[in-house]
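Enquirer: below is the sequence, then the predicted model.
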Amino acid sequence: MTQNQHLDGADAGPDDPEDQRPTPFVAGPVRHRGAYIEMLVSAVIGLIAALVLSIEAITLAENPFADLGCDLNAVLSCGTVGQSWQASLLGFPNAYLGLIAEPVVITLAVAALGGVRFPRWFMIAAQVVYSIGLIFAYWLFAQSYFVIGALCPWCLTITVTTTLVFASMTRVNLLDGNIRLSASTYRTVASWLRAGVDTLIVILIVAALTAMIVIKYGSVLFGG
C-alpha cells in the first residue's frame, strides 16, 4: 500500500478506527409546523413580558411608589398588581417563573421545527408542567379581576400566550398519541383538531376574557 493510499483510506476496512466517525444529524420530517411556529412566537412574546415584569418587580422592591410605564389608570396598573401578595406567591416575583419556562418552550419549538422528535415522556412532562402554568395564569387573572381590582397589561399578555402555547402543545400531544386515547376516541379528537375546533376554543376563551374586562371596567377604560 502506497503512502497516498494510506492517507486516502482507500484500503481501510469497516472496522478501521479512521472510519468510526459520528454520523451527521439528519433531520426527520417536520410535523405540526403551524403549532410549533405558534408556540415559538407565543413563547417569545411571553418571555419579553416576563422580562419586563421582572424588571418592574425590582423597581418596586427599590421604590414601592415608583410610577411604572404600564400604570395607565386605576384599572390598568402593573404597580397595583405588582405590590399584591399574589404577585409573589412563592416568595419571589411570579415573573421569574416565566424566565425559566419560556426559554424551554422556545428551545422545544425550535428543535421540533428542525426535525427533532422528542420522546413521549418528555412531551408528557412538558404538558403537565405547562398545564400547571395555565392554571396558575388563570388563578392570577381571577385574583386581579375579582380581588385586587386592577389589571396588569403584561400579565394579561402572559395569560393569552400561555393559553396559546398550551393549546398548541395539547394539539401536538393528542395527534402524536402521547396522550393515550382509545382508537375511536382518537379518531374523533383528531378529526376535531384537523377541523380547527381547538383554534375556535382558544378564540372563544380570549373573547370571553375580553368581554369580562369590558363589562366590568369598560367605563374606566373607555372613559364612558
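Expert: Here it is on my side, so go on.

Enquirer: assess the claim that Arg120 and Val172 are in contact.
Expert: No: assessed by Cβ atoms under 8 Å, Arg120 is found out of contact with Val172, at 11.6 Å. Backbone N, C-alpha and C define where each C-beta goes, glycine included.

Enquirer: residues that sit against both of the two, list them.
Expert: Common contact partners of Arg120 and Val172 (Cβ atoms under 8 Å, 6 or more residues apart in numbering): Asn178.

Enquirer: more crowded one of those two?
Expert: Neighbours per residue, other Cβ atoms under 10 Å: of Arg120 and Val172, the larger number sits with Val172, 24 against 13.

Enquirer: the more buried one contacts Gly34, doesn't it?
Expert: No: counting by Cβ under 8 Å, Gly34 is not a contact partner of Val172; they are 10.3 Å apart.

Enquirer: mind giving me the packing neighbours of the host helix or strand of Thr162?
Expert: Per DSSP states H and E, Thr162 falls inside helix 153-175. For helix 153-175, the packing partners by 3 or more Cβ pairs under 8 Å, 6 or more residues apart in numbering; DSSP states H and E come out as helix 33-62, helix 78-82, helix 120-142, helix 183-194, helix 197-221.

Enquirer: which residues touch Val104?
Expert: For Val104, counting by Cβ under 8 Å, 6+ apart, the contacting residues are Ala126.

Enquirer: what's the spacing between it and Arg171?
Expert: Applying Cβ to Cβ, to the nearest Å, the value for Val104 to Arg171 is 18 Å.

Enquirer: over to Met212?
Expert: According to Cβ to Cβ, Met212 stands 25 Å off from Arg171.

Enquirer: where does the protein have its least confident helix or strand?
Expert: In the chain, no helix or strand scores lower on mean pLDDT, DSSP states H and E than helix 3-8, which sits at a mean of 46.

Enquirer: so, low pLDDT: which residues of this protein?
Expert: Residue ranges of the chain with pLDDT under 70: 1-28, 224.

Enquirer: ok, Phe118 - how many residues close by?
Expert: 16.

Enquirer: confirm that it sits in a strand.
Expert: No: looking at Phe118 with DSSP: H, G, I helix; E, B strand; the rest coil, it is coil, so not inside a strand.

Enquirer: measure it to Pro29 for me?
Expert: If you go by Cβ to Cβ, the gap between Phe118 and Pro29 works out to 15 Å.

Enquirer: could you do Phe222 as well?
Expert: In terms of Cβ to Cβ, Phe222 sits 49 Å off from Pro29.
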